[in-house]
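**Student:** What follows is a predicted structure for the sequence shown.
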Amino acid sequence: MKKDNLIKIMVVDDNERMREVIKDSLSAIPCSIIECSNGQDAIDRYTHSLPDWVVMDVMMKPMNGIAALSEIKKDHPEAKIIMVTNAVHDEISEASFKAGATAFVMKESLFQIPDLILKKYTL
């Protein structure tokens, strides 16, 4: 881990309450949180903040998470991005991985995110 022992995580969701839920799910790991309210905000802030991880909702307006994921990966192919959604469609997970997602998690399983981050962070 870094010297300050904090993993920098960008949480991207257009629903403020859901951002709070995602942040709560991350409370078990030492992290600092950067909040973004939509995909365009995440793209704009990624280069400046260079988070270790991004946890991003798929269904957002005006720009959805898969489009934002694709844009971030163009300039930062090393970006580690976990996509989250309530929608149960194989096409969504396939599109997420095709765009470069590191992982895909259903919102009902947010508790899995800290383990994903810690396992992949130490690799």
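**Tutor:** Looks like it arrived, so ask away.

**Student:** ok, the residue nearest the centre of the chain - contacts?
**Tutor:** The centroid of the chain falls nearest to Val55 when counting by CA atoms, centre = their mean (1.5 Å). Going by CB atoms under 8 Å, 6 or more residues apart in numbering, Val55 touches Ile9, Met10, Val11, Val12, Ile22, Leu26, Ile81, Ile82, Val84, Ile113. Glycine gets a C-beta too; all of them are placed from N, C-alpha and C.

**Student:** how far away is it from Ala101?
**Tutor:** 11 Å (CB to CB, to the nearest Å).

**Student:** Quick check: neighbours shared by these two?
**Tutor:** Ile81, Ile82.

**Student:** how about the strands in this structure?
**Tutor:** Taking DSSP state E as the criterion, the chain contains strands spanning 7-12, 31-36, 53-57, 81-85, 103-106.

**Student:** The first one versus strand 81-85: what angle between them?
**Tutor:** So the one you mean is strand 7-12. Using axes from the mean of the first three to the mean of the last three CA atoms, to 10 degrees, the inter-axis angle of strand 7-12 relative to strand 81-85 is 40 degrees.

**Student:** helices or strands up against strand 7-12?
**Tutor:** Applying 3 or more CB pairs under 8 Å, 6 or more residues apart in numbering; DSSP states H and E, one finds that strand 7-12 contacts helix 16-25, strand 31-36, helix 39-49, strand 53-57, helix 113-121.

**Student:** So what touches that strand?
**Tutor:** 1, 19, 22-23, 26, 29-39, 41-42, 45-46, 49-57, 60, 65, 68, 117, 121.

**Student:** for the fourth one, same thing?
**Tutor:** The list of residues contacting strand 81-85 from outside it, by CB under 8 Å, 6+ apart, reads 13, 22, 53-59, 65-66, 69, 72-73, 92-93, 96, 100-107, 110, 113, 116-117.

**Student:** Could you identify the buried members of those residues?
**Tutor:** Using 16 or more other CB atoms under 10 Å as the burial test, the contacts of strand 81-85 include 13, 22, 53-58, 65-66, 69, 72, 92-93, 96, 100-105, 107, 110, 113, 116-117 as buried.
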